[in-house]
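1. dropping the sequence and predicted coords here.
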Amino acid sequence: MRLRDWTVLVVEDEADSMELVQSLLEHHGIKTLLANTAEEALDQLETAIPTLIIVDLALPGMDGWQLLQEIQQDARLERVPRVAITAYHNAEVANQAIEAGFDAYFPKPLEATSFVRELETIVEECIG
C-alpha cells in the first residue's frame, strides 16, 4: 500500500506533538485525521477505518490505554495497526504497551528521520 493511500488517525492532546506528527505524515502525502481526546477518536472511528492509529498514552479523561481497549472491542478495527507514543518513556512502559496490544511504541520526542519509515514496516507486517 502506497503512503499516499493511507489515512492515519492521530490521537494527541498536546498541540506541539500533534503538529509534529501531522507534519511528518503529511510530508509523505499521508492523510491525517486528528483527535485531541480518546472520545473524539471514538467518534471519528464510527465512520472511518484508518490505515493506522497513533495514540498518545497520556490523554485527558479516557487515556490511551482505555482507548486501546475500546478499539480492540471493535471488530471493524481488528486489522488496523495501533501505535503508542508517550513522553513518559521507560522500558517497562514500552513492554506494557506491546503486551496490552499496541503494535509498536515510540518515545517522544519522535525521531523525524525514521518515524514514517518505521510506520511503513508496521503497516506491512499487520496488513500484509
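-> Noted; the coordinates are in hand.

2. residue 74 touches residue 45, doesn't it?
-> Yes. Residue 74 is within contact range of residue 45, at 6.9 Å (criterion: CB atoms under 8 Å). In short, each C-beta sits where N, CA and C put it, glycine included.

3. tell me which of the two has more neighbours.
-> Between residue 74 and residue 45, counted using other CB atoms under 10 Å, residue 45 has the larger neighbour count: 22 against 13.

4. in which helix or strand does the residue most central in space within the chain reside?
-> In the chain, the residue lying closest to the centroid (CA atoms, centre = their mean) is residue 54, at 0.7 Å. Following DSSP states H and E, one finds residue 54 within strand 52-56.

5. next one: residue 32
-> strand 31-35.

6. run through the neighbouring helices and strands of that strand.
-> Strand 31-35 sits against strand 7-11, helix 15-27, helix 38-45, with contacts defined as 3 or more CB pairs under 8 Å, 6 or more residues apart in numbering; DSSP states H and E.

7. quick one, the last one and strand 31-35 angle?
-> What it means is helix 38-45. Per axes from the mean of the first three to the mean of the last three CA atoms, to 10 degrees, the angle that helix 38-45 makes with strand 31-35 is 140 degrees.

8. repeat that for the first one.
-> Here strand 7-11 points in a direction 20 degrees away from that of strand 31-35 (the same axes, to 10 degrees).

9. same check, this time on the longest one
-> Per the same axes, to 10 degrees, the angle that helix 15-27 makes with strand 31-35 is 160 degrees.

10. how about residue 102: what's its closest non-neighbour residue?
-> Nearest non-adjacent residue to residue 102, counting by CB to CB, 6 or more residues apart in numbering: residue 84, 4.3 Å away.
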